[in-house]
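Enquirer: Fold the following.
(2 chains)
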Protein chains: 2
Amino acid sequence: MKKMIGSPGTMSGLILRLGQCATAAASIGVMVSSYDFSNYTAFCFLVASMGLQLIWSFGLACLDVYAIRRKSDLRSPILLSLFTVGDWVTALLALAAACSSAGVTVLFTKDTEFCRQQPALSCDRFQISVGLSFFNWFLAAISSHTMFWILI
Amino acid sequence: MKKMIGSPGTMSGLILRLGQCATAAASIGVMVSSYDFSNYTAFCFLVASMGLQLIWSFGLACLDVYAIRRKSDLRSPILLSLFTVGDWVTALLALAAACSSAGVTVLFTKDTEFCRQQPALSCDRFQISVGLSFFNWFLAAISSHTMFWILI
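Expert: Next up is the predicted model:
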């Protein structure tokens, strides 16, 4: 089995997972703290997919900590297949959610005067949350490619 | 080199490419024929990414026809790498465009009364065009996985 940056059970893998946890939690926090995000399906989808990503990467971070402390090897084919499928599914959902929210945010801020007409609407927070979700997707894409590369 | 369904230079590969061409062209046709789609960034992005997909899959369809008639083998590593990268980039753009347009379409049809307030707006066409673009992305995802699998 190859050893790569971001491999499961390594420090770089743990850092990658913690980065995913942090960006997912931040994206959720900013979106949920904004005024009436729940009226828009795309933003609800963003919170849901970042929640899934948070749970998934937190779980794998705990597994990494366990493996580092016990010096055990997590690169068995079955475990890696599970990690690969999980990473690809959560990364795909993160991308879909980030893009649909970006479409709505651009509509609010650029295509229409919606943000200027409704100053109460926290358009800045929507943009920050969407930006964080794209960053989260980028980290998830690195993980999914790393897992897949180790697996084949 | 493995021989798989959808391989370049085979009939199944050609059918897959023609399917991508047809869905991309249909998605563009329906969107462009709708009233004032160009006011919305997400829909312009959809037309652009489906246009790229149309050019890419039409080019590869022509290559397939040439290879089938000449009975030549297109599965050289360099060609396959080119196909793989091209397929992955166009598939990713197709997914991003489809999701952002879906976010805006759901906002119009479900989250707000926008479609009912503006009967002139062709919301049905937006939905059909977005549906076709997801179907196109699905076909593109098959191609990109097939190319990658043959390559490794």
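Enquirer: By mean pLDDT, flag the weakest helix or strand of chain A.
Expert: Averaged element by element with mean pLDDT, DSSP states H and E, chain A has its least confident helix or strand at helix A:114-117 (a mean of 84).
Enquirer: Would you mind extracting the C-alpha trace of that one into PDB?
Expert: Extracted C-alpha coordinates of helix A:114-117, given in PDB (Å, rounded to 0.1, in the frame of the first residue of the first chain):
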ATOM      1  CA  PHE A 114     -32.700  42.000  -3.600                       C
ATOM      2  CA  CYS A 115     -29.900  42.700  -1.100                       C
ATOM      3  CA  ARG A 116     -30.300  46.500  -1.400                       C
ATOM      4  CA  GLN A 117     -34.100  46.400  -1.100                       C
END
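Enquirer: Tell me the buried residues in it?
Expert: Neighbour-count burial for helix A:114-117, with 16 or more other C-beta atoms under 10 Å in any protein chain shown as criterion, is recorded at A:Cys115. (Each C-beta comes from the backbone N, C-alpha and C, glycine too.)
Enquirer: what separates that helix from the chain centre, distance-wise?
Expert: Distance of helix A:114-117 from the chain centroid (C-alpha atoms, centre = their mean, to the nearest Å) equals 29 Å.
Enquirer: Give me the nearest residue to A:Met147, chain neighbours excluded.
Expert: With sequence-adjacent residues excluded and distances taken as C-beta to C-beta, 6 or more residues apart in numbering or on different chains, A:Met147 is closest to A:Thr84, at 4.2 Å.
Enquirer: can you list contacts of the least confident helix or strand of chain A?
Expert: By C-beta atoms under 8 Å, 6 or more residues apart in numbering or on different chains, the residues outside helix A:114-117 that reach it are A:Leu107, A:Phe108, A:Thr109, A:Leu121, A:Cys123.
Enquirer: ok, now how distant is the fourth one from chain B?
Expert: The span separating A:Leu121 from chain B equals 13 Å under the rule C-beta to the nearest C-beta, to the nearest Å.
Enquirer: Around that residue, how many other residues sit close by?
Expert: Neighbouring residues of A:Leu121 were enumerated by other C-beta atoms under 10 Å in any protein chain shown; the total is 18.
Enquirer: Tell me how far it lies from B:Gln53.
Expert: Here the distance between A:Leu121 and B:Gln53 works out to 34 Å (C-beta to C-beta, to the nearest Å).
Enquirer: Kindly report the same for A:Ser72.
Expert: Where B:Gln53 is concerned, A:Ser72 sits at a distance of 45 Å (C-beta to C-beta).
Enquirer: out of these two, which sits in the busier spot?
Expert: B:Gln53 (28 against 9).
Enquirer: Find the helix or strand that the residue nearest to A:Met147 is a member of.
Expert: helix A:77-106 (DSSP states H and E).
Enquirer: what is the mean pLDDT for that helix?
Expert: Per-residue pLDDT values across helix A:77-106 average out to 92.
Enquirer: which helices and strands sit right next to that helix?
Expert: Packed against helix A:77-106 by the contact rule (3 or more C-beta pairs under 8 Å, 6 or more residues apart in numbering or on different chains; DSSP states H and E) you find helix A:41-70, helix A:123-151, helix B:41-70, helix B:77-106.
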